[in-house]
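Enquirer: give me a model of this one.
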Amino acid sequence: MTIDEELTILEEALRRLKIDYDAFFGGGLKRPPQDGEWRVQSLVKKFSDGRGMNYAQRFRYNAIAQRYAIFSDLWRQKTKIKEEGYRRQQDALLGIQGLRHEQETAAAKELAAAEASSLDRVKSFAVLCADPSAEADRVRELYNTMIEARQLAGENAAQAGNFDSFQAFVQKKTEQLRQQHNCSAVEYTLDIDNGRVKLKAKAHK
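Expert: Got it, this is the predicted structure:
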């Protein structure tokens with residue numbers, strides 16, 4: 001199983017864990033989803049050193065790990081309230097619906113900050129291509145980072161097409177710019193403008 005496939009499993013496990021915790025706090029589950037928690041924790045720890053991961057995979061992993069850390073802290077606080085019992089009816093309501101408004105707002109701000117940090121990393125990302133047909137790893141890294149950036153920006157990542165069509169586009173663009181500018185390679189970067197992810201290419205001599 002590839003790293004990308006395992007990261008997809010981690011994303012799905014985190015999504016499932018959030019659903020289960022929502023059910024627990026809503027009264028649909030009697031116990032916290034400990035099995036799901038253990039599974040997510042194991043996968044997060046497995047990739048924590050970033051060994052064997054390229055830039056796009058590290059970027060993807062960090063975004064997932066940040067979301068999990070924020071959710072985990074929120075779940076811990078909610079579980080504490082639920083387990084300690086409630087002195088008033090209002091407290092019970094808080095235990096079911098979540099923490100106080102300011103705590104929920106703080107969590108939302110942390111998530112927004114994490115996403116902003118991830119987008120900043122996107123803007124500093126760059127790949128040099130001289131012959132994309134022989135540099136599949138670089139093109140794959142560019143493609144994966146672009147997909148992650150689109151997801152973070154709230155765009156439909158599927159509109160980017162599959163990897164083969166993207167590689168063909170990069171190949172054609174690289175050949176075109178190398179001929180026009182008589183350069184040795186083309187530098188590809190990503191930018192976010194008004195919530196839209198844009199792929200930029202410029203001659204690199």
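Enquirer: distance of the residue positioned nearest the centre of the chain relative to Leu152?
Expert: Nearest residue to the geometric centre of the chain (Cα atoms, centre = their mean): Ala63, 3.9 Å. When Cβ to Cβ, to the nearest Å is applied, the distance between Ala63 and Leu152 equals 7 Å. C-beta coordinates here come from the backbone N, C-alpha and C atoms, glycine included.
Enquirer: ok, Tyr68 - how many residues close by?
Expert: Taking other Cβ atoms under 10 Å as the criterion, the count of residues near Tyr68 is 20.
Enquirer: that one and Ser48, how far apart?
Expert: Distance, Tyr68 to Ser48, using Cβ to Cβ: 11 Å.
Enquirer: now do the domain split for this structure, please.
Expert: Using automatic domain parsing, the domain ranges for the chain come out as 3-110, 125-204.
Enquirer: and the top helix by length along the chain, what's its mean pLDDT?
Expert: Longest helix in the chain, counting residues (DSSP state H): helix 55-84. Mean per-residue pLDDT for helix 55-84: 81.
Enquirer: list the buried residues for that helix?
Expert: 55-57, 59-68, 70-72, 74-75, 78, 81-82 (16 or more other Cβ atoms under 10 Å).
Enquirer: how far away from the center of its chain is that helix?
Expert: Remark: helix 55-84 is offset 13 Å from the chain centroid, using Cα atoms, centre = their mean, to the nearest Å.
Enquirer: number of nearby residues for Gln171?
Expert: With neighbours defined by other Cβ under 10 Å, the count for Gln171 comes to 17.
Enquirer: was I right about Glu6 contacting Leu43?
Expert: Yes - using Cβ atoms under 8 Å, Glu6 and Leu43 qualify as a contacting pair, with a distance of 7.0 Å.
Enquirer: between those two, which one's more packed in?
Expert: Shown here are Glu6 and Leu43; by other Cβ under 10 Å, Leu43 has more neighbours (21 against 15).
Enquirer: contacts only, for the more buried one.
Expert: Contacts for Leu43 were tallied using Cβ atoms under 8 Å, 6 or more residues apart in numbering; they are 6, 9-10, 13.
Enquirer: which parts of the protein are strands?
Expert: Along the chain, the stretches classed as strands by DSSP state E are 126-129, 185-193, 196-204.
Enquirer: can I get these in TSV with distance to Asp22?
Expert: Shown next, in TSV, are the strands of the chain (distance: least, Cβ to Cβ, whole Å):
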stretch	distance to Asp22
strand 126-129	39
strand 185-193	30
strand 196-204	30
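Enquirer: looking at the ones you listed, which is closest to Thr145?
Expert: Thr145 sits nearest to strand 185-193 of all the strands of the chain, at 6.5 Å, using Cβ to Cβ.
Enquirer: list the contacts of Pro132.
Expert: Contacts here follow Cβ under 8 Å, 6+ apart; on that basis Pro132 touches 138-139, 167, 170-171, 174.
Enquirer: mind checking which of the residues you listed land in helices?
Expert: Taking DSSP H, the ones among the contacts of Pro132 that sit in helices are 138-139, 167, 170-171, 174.
Enquirer: list the buried residues of stretch 135-142.
Expert: Judged by neighbour count using 16+ other Cβ under 10 Å, the buried positions of stretch 135-142 are 135, 138-142.
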